[in-house]
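A.B. asks: here you go, sequence then predicted model.
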Amino acid sequence: MGLVPVDGTAQSLTAADVDVATVDATSVDAVIEGLYASISGPAGAPRDWDLFLHLMHPAGQLISMRTGDDGEAAHTVMTPQDFVDRVGPGFVENGFFDLELGYNQDEFGNMVHRFSAYASRRAADDPEPYGRGVNSFQLLWDEGRWWIISILWDGERPENPIPAHLGG
């Protein structure tokens, strides 16, 4: 699988394009691409939550950042299953495609950190995303493969633009 740029013409991978058995979990790129594919798809189409849970470490966390009504930073911490339960129905009802704009990756020993800028659309061919931001992926090497141990993300806002080196 190659990286899929968001240029207005590219189509993202979806769960229909990726099978748990074919994801090379020894490749960081394949794990990240598989994650994006597992959550992406048109309205009415099921997501591949088996693939999503296969890529996430059982002790993994997903943390969504937002700005509260008081203007202060707020967050929600979820287990992988909490995330599935929380967003799954909305993704199927409304359609959801998350595409990687660009990334910066650092590796040290048995860990990888990847800042991954994203654009979210309801349909793959939407001319403009309804949201953009940055995912912070932390991966660990264990049992002969890469696992996503955490994903922390924050949305783009006027005072918080995506940096140019990440595709902003």
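C.D. replies: Perfect, thanks for sending it.
A.B. asks: can you show me the strands along this protein?
C.D. replies: Secondary structure of the chain (DSSP state E): strands located at 56-67, 73-78, 97-108, 111-121, 131-142, 145-155.
A.B. asks: what's the closest of the ones you listed to Leu35?
C.D. replies: Across the strands of the chain, the minimum distance to Leu35, taken as CB to CB, is reached by strand 145-155, at 6.4 Å. All C-beta spots, glycine's among them, are computed from the backbone N, C-alpha and C.
A.B. asks: any idea how far the residue sitting nearest the centre point of the chain is from Glu159?
C.D. replies: A centroid search over the chain (CA atoms, centre = their mean) returns Tyr36, at 4.7 Å, as the residue closest to the centre. Tyr36 sits at a distance of 26 Å from Glu159 (criterion: CB to CB, to the nearest Å).
A.B. asks: which pLDDT does the model give the residue nearest to the centre of the chain?
C.D. replies: In this model, Tyr36 is scored at 96, pLDDT.
A.B. asks: then the one 5 residues further on?
C.D. replies: Here the pLDDT value assigned to Gly41 is 96.
A.B. asks: pLDDT weak spots in this structure?
C.D. replies: Confidence mapping of the chain against pLDDT under 70 gives the ranges 1-22.
A.B. asks: tell me the angle the longest helix that the chain contains makes with strand 73-78.
C.D. replies: Counting residues, the longest helix found in the chain (DSSP state H) is helix 80-94. Angular relation of helix 80-94 and strand 73-78 on a 0 to 180 degree scale: 100 degrees, by axes from the mean of the first three to the mean of the last three CA atoms, to 10 degrees.
A.B. asks: okay, helix 80-94 in PDB with CA atoms only?
C.D. replies: Extracted C-alpha coordinates of helix 80-94, given in PDB (Å, rounded to 0.1, in the frame of the first residue of the first chain):
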ATOM      1  CA  PRO A  80     -10.000   1.100  21.400                       C
ATOM      2  CA  GLN A  81     -13.400  -0.500  22.100                       C
ATOM      3  CA  ASP A  82     -14.700   2.800  23.600                       C
ATOM      4  CA  PHE A  83     -13.700   4.500  20.400                       C
ATOM      5  CA  VAL A  84     -15.500   1.900  18.300                       C
ATOM      6  CA  ASP A  85     -18.600   2.300  20.400                       C
ATOM      7  CA  ARG A  86     -18.500   6.100  20.400                       C
ATOM      8  CA  VAL A  87     -17.800   6.800  16.700                       C
ATOM      9  CA  GLY A  88     -18.800   3.700  14.900                       C
ATOM     10  CA  PRO A  89     -22.500   4.400  14.400                       C
ATOM     11  CA  GLY A  90     -21.800   8.000  13.200                       C
ATOM     12  CA  PHE A  91     -19.200   7.000  10.700                       C
ATOM     13  CA  VAL A  92     -21.600   4.500   9.100                       C
ATOM     14  CA  GLU A  93     -24.500   7.000   9.200                       C
ATOM     15  CA  ASN A  94     -22.700  10.000   7.800                       C
END
